[in-house]
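In: Here's a sequence, model it:
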Amino acid sequence: MVGVSDHQVRDSNLEAGSTVVRISVPAVHSVCLPPKKSGLESAKHRLSEMFFPDDPFHRFKNQKLFERVVLGVQYFFPIFEWAPHYSLSLFKSDLISGLTIASLAIPQGISYAKLANLPPIIGLYSSFVPPLLYSILGSSRHLAVGPVSIASLVMGSMLEEMVSSTAQPVLYLKLAFTATLFAGVFQASLGFLRLGFIVDFLSKATLVGFMAGAAVIVSLQQLKGMLGITHFTGKMQIVPVLSSVFEHKHEWSWQTIVTGLSFLLFLLAARQISMRRPRLFWVTAAAPLASVVISTILFFLLRHKDHGISTIGHLQKGLNPPSANMLYFHGDYFGLAIKTGIITGILSLTEGIAVGRTFASMNNYQVDGNKEMLAIGVMNMVGSCTSCYVTTGSFSRSAVNYNAGAKTAVSNIVMASTVLVTLLFLMPLFHYTPNLILAAIIITAVIGLIDYSAAIKLWKVDKFDFLACMCAFFGVLFISVQIGLAIAVGVSIFKILMHVTRPNTIVLGNIPGTQIYQNIGSYSEAMRISSVLILGIEAPIYFANSNYLQERILRWVREEEERIQAKRENSLKCIILDLTAVTAIDTSGVEFILELRKTFEKRSLQLVLVNPVGDVMRKLHGSKVLESFGPNSLYLTVAEAVADISSAFKTHLCIP
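Out: I've put the predicted structure just below:
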């Protein structure tokens with residue numbers, strides 16, 4: 001802490017002819033070097049901070065071998081951590097929530113499989129095996145696992161561009177399973193190598209725009225089922241989709257339109273009821289299954305009449321058949337499978353972790369991101385060998401799971417058990433389920449992905465984030481799902497590069513009556529110090545921004561000299577660089593400091609550095625740059641620097 005010595009006081013004139021006041025001057029403290037570390041220790045510390053910020057091994061410290069083995073098993077299989085404390089009361093809550101989300105998962109599973117251009121039964125298979133695996137490996141208590149709309153849409157659109165699901169159904173299915181395998185490998189690798197920060201490049205703004213655009217495209221694609229169109233485009237852009245709708249007006253069926261709109265309004269009404277009255281969450285959960293049951297009974301009774309409405313048809317009974325023999329590792333489409341797997345893997349991983357963390361924060365417990373990556377990755381790898389496609393944590397099902405009172409991952413086991421019963425005994429009942437019901441369920445589900453309020457907030461808070469959001473939205477609508485996502489990610493990365501290569505620099509002034517120095521652009525009461533220009537750099541100094549910083553600082557100096565000349569104030573004598581916010585520096589940054597000192601020395605200006613942090617101080621000292629500075633060129637605070645320098649060249653200032 002900065003102290004003040006009793007004897008350190010001096011007289012200072014506030015203005016010409018003003019009275020003399022006694023003002024205390026802060027003591028000058030030396031800037032210390034951080035403790036010396038070897039290169040190996042520094043590298044170890046850096047890697048630990050980069051890849052293990054949560055210190056996952058702390059629980060193993062000072063433990064016996066057997067206890068370490070038990071903790072290790074619990075770390076990789078969280079079920080062994082909470083299962084010994086499981087009780088009947090917890091099971092009652094999990095049973096109710098599991099049955100509730102099963103009523104939503106069954107119709108959604110069938111619908112999302114259709115969205116991915118896969119056989120409907122694949123959606124049910126994907127709602128059986130992955131939830132069981134997640135209940136063993138996952139760390140979230142409320143995450144409900146299964147197929148999701150975004151991953152289904154992206155997989156369907158990417159594969160359909162190269163392979164027709166109707167003309168080459170076997171090849172298409174092979175590519176879907178292979179893409180799921182690579183999605184799982186990619187996800188598990190991120191978790192194992194602790195590289196989850198890669199997923200962070202999908203910013204909130206990017207996802208808001210992407211999901212809104214995808215929701216619009218998905219909804220428009222469902223017009224095929226809602227209007228009864230037989231021939232429909234497989235493209236995923238708004239112009240071809242709308243063109244296809246109106247080009248095939250002769251295929252529109254009024255029976256399909258009336259029935260589809262009726263069930264769609266029913267589902268939307270149920271959704272609104274649950275939104276306005278959260279206690280009635282079960283209305284939204286039960287509405288899709290109720291729609292399936294009612295429509296199936298209705299069309300079973302009308303099966304002998306020619307109503308022209310298509311139905312799902314025959315679905316095979318039985319458990320997931322093995323699909324390891326269908327994995328595709330050669331041929332012209334192998335690259336497509338890898339690309340599709342990575343993109344869907346990133347999207348599903350982002351959604352799963354975001355949903356898990358959301359409900360964890362609401363219940364005051366933590367979700368380990370790396371464990372989640374491993375869990376989601378493993379369940380997709382196993383799923384690819386058991387006739388499943390990409391799955392993750394679903395926001396809609398997780399919300400229902402949470403509101404239904406889920407306490408542990410057993411709710412996923414209950415849901416999977418319900419799906420198991422459906423697969424074994426109830427599949428013939430879906431024969432007469434109309435496709436329009438699946439379209440209505442999908443539309444109702446994806447409408448919730450259009451977040452108007454989030455887009456408005458982005459506009460108010462950060463225009464650049466809003467631009468990334470709009471790029472994703474319009475990119476998905478008019479180009480393609482994956483290109484729209486790539487554009488949005490590119491805009492986000494460009495924003496990061498702009499912050500790195502064009503860091504913010506500010507002019508600091510003194511808050512009267514204090515030793516605080518703040519941005520004069522933000523604090524109108526902040527006062528400039530005569531003959532001294534105080535600049536703050538608010539970013540690390542790297543090779544990518546050192547040239548820009550040099551040019552920007554020289555411009556600040558030129559503008560300050562012009563201001564001084566215009567107002568006829570005392571000439572500029574010193575530039576103080578506040579390095580408090582400079583968290584890192586490289587060799588180019590060190591050279592920048594040295595070149596800046598030489599440039600100012602030629603102009604008879606003194607350069608002073610304030611508060612370089614540990615790593616910056618170590619590199620400045622190690623490079624011998626500080627030896628070229630004068631004796632009064634390094635200070636702990638701006639207040640100390642101003643007081644000491646002002647005393648040195650006897651400037652009459654008001655120093656707090």
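In: Count the neighbours of A488 for me.
Out: A488: 30 surrounding residues under other CB atoms under 10 Å. From N, CA and C alone the C-beta is placed, and that goes for glycine too.
In: for the helix or strand containing M498, packing partners?
Out: For M498, the element it lies in under DSSP states H and E is helix 481-501. With contacts taken as 3 or more CB pairs under 8 Å, 6 or more residues apart in numbering; DSSP states H and E, helix 481-501 sits against helix 149-162, helix 204-221, helix 334-362, helix 463-478.
In: Compare those helices and give me the one nearest Y635.
Out: helix 463-478 (35.4 Å; CB to CB).
In: follow-up on the earlier one: may I see the buried residues of the helix holding M498?
Out: 481-482, 484-489, 491-492, 495, 501 (16 or more other CB atoms under 10 Å).
In: Also stretch 466-482?
Out: Within stretch 466-482, the residues that count as buried by 16+ other CB under 10 Å are 466-477, 479-482.
In: I'd guessed M236 sits against I217; true?
Out: Yes. Using CB atoms under 8 Å, M236 is in contact with I217, at 5.5 Å.
In: Quick check: neighbours shared by those two?
Out: Common contact partners of M236 and I217 (CB atoms under 8 Å, 6 or more residues apart in numbering): 153, 481.
In: The two: who's more crowded?
Out: Neighbour count, other CB under 10 Å: between M236 and I217, M236 has more, with 26 against 23.
In: Tell me how far the more buried one lies from A337.
Out: Counting by CB to CB, to the nearest Å, the gap between M236 and A337 amounts to 18 Å.
In: cool, and L261?
Out: L261 sits 38 Å away from A337, going by CB to CB.
In: Give the residue from those two that has the larger number of neighbours.
Out: Ranked by neighbour count (other CB under 10 Å), L261 and A337 place A337 first, with 27 against 13.
In: which non-adjacent residue is nearest the more buried one?
Out: Among residues not flanking A337 along the chain, T178 sits closest, at 4.0 Å (CB to CB, 6 or more residues apart in numbering).
In: so what's that neighbour up against?
Out: Per CB under 8 Å, 6+ apart, neighbours of T178: 327-329, 334, 337, 341, 384.
In: is it true that it lies in a helix?
Out: Yes. Applying DSSP: H, G, I helix; E, B strand; the rest coil, one finds T178 inside a helix.
In: Got the confidence number for it?
Out: Note on T178: pLDDT of 96.
In: Any figure for the gap between it and L171?
Out: For T178, the distance to L171 (CB to CB) stands at 10 Å.
In: Spit out the residues that contact those two alike.
Out: With CB under 8 Å, 6+ apart as the test, T178 and L171 both reach Y328.
In: which residue sits closest to L190 in space, ignoring its chain neighbours?
Out: L190 sits nearest to M373 (CB to CB, 6+ apart), 4.9 Å away.
In: I'd like the C-alpha coordinates of the helix or strand that neighbour falls within written as CSV, please.
Out: Element membership for M373 (DSSP H and E) is helix 369-384. Below are the C-alpha coordinates for helix 369-384, written out as CSV (Å, rounded to 0.1, in the frame of the first residue of the first chain):
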residue,chain,number,x,y,z
GLY,A,369,-16.8,-28.4,-18.5
ASN,A,370,-14.1,-30.9,-19.4
LYS,A,371,-16.1,-33.8,-17.8
GLU,A,372,-19.1,-32.7,-19.9
MET,A,373,-17.0,-32.7,-23.0
LEU,A,374,-15.8,-36.2,-22.2
ALA,A,375,-19.3,-37.4,-21.3
ILE,A,376,-20.9,-36.0,-24.5
GLY,A,377,-18.0,-37.2,-26.6
VAL,A,378,-18.1,-40.8,-25.3
MET,A,379,-21.9,-41.1,-25.6
ASN,A,380,-21.6,-39.9,-29.3
MET,A,381,-18.8,-42.3,-30.0
VAL,A,382,-20.7,-45.2,-28.5
GLY,A,383,-23.9,-43.9,-30.1
SER,A,384,-22.4,-44.1,-33.6
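In: Noted, bye for now.
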